[in-house]
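[1] have a look at this prediction, sequence included:
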Amino acid sequence: MASAIFEETMSRHTKSPSPSNSPGRRPAAAAETTPTRTAIAPSHEQIAARAYEIFVARGGQDGRDQDDWYQAESELRLGEQ
């Protein structure tokens, strides 16, 4: 008899209340979410135009076309310019 009472008591104390059973509490996952920046996929033409602007701004030196392209793509995705 004592062991049944002990087991029932332990059962009550070891169960954690689920968020849905607790009034006024939101689930932990919803409480911990943070807003993130939404990446916008720029078009090929937008990237090319910005890469050309970067190329001209650095004096039109050849050989850094991929760097210019990646910089332009990154800027446009982050909404910079």
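    Done, it's in.

[2] next SSE after the worst-scoring helix or strand of the chain on mean pLDDT?
    Every helix and strand of the chain was ranked by mean pLDDT, DSSP states H and E. The lowest is helix 28-32, at a mean of 54. Once helix 28-32 ends, the next helix or strand along the chain (criterion: DSSP states H and E) is helix 44-57.

[3] relative to helix 44-57, how tilted is the helix or strand that that following helix is followed by?
    Using DSSP H and E, the helix or strand that directly follows helix 44-57 along the chain is helix 65-78. Interaxial angle of helix 65-78 relative to helix 44-57 (axes from the mean of the first three to the mean of the last three Cα atoms, to 10 degrees): 120 degrees.

[4] contacting residues around Arg50?
    Pro42, Ala72, Glu75, Leu76, Gln81 (Cβ atoms under 8 Å, 6 or more residues apart in numbering). For the C-beta atoms, the positions are set from N, CA and C on the backbone; glycine is no exception.

[5] ditto for Ile54
    With contact set as Cβ under 8 Å, 6+ apart, Ile54 has these partners: Asp68, Gln71, Ala72.

[6] next, format those as TSV and append distance to Ala51.
    Output for the contacts of Ile54, formatted as TSV (distance: Cβ to Cβ, whole Å):
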residue	distance to Ala51
Asp68	4
Gln71	7
Ala72	4
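
[7] quick check on those: which are buried?
    Asp68, Ala72 (16 or more other Cβ atoms under 10 Å).

[8] TSV for the contacts of Ile54, including distance to Ala57 and pLDDT?
    Shown next, in TSV, are those (distance: Cβ to Cβ, whole Å; pLDDT from 0 to 100):
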residue	distance to Ala57	pLDDT
Asp68	9	97
Gln71	11	97
Ala72	11	97
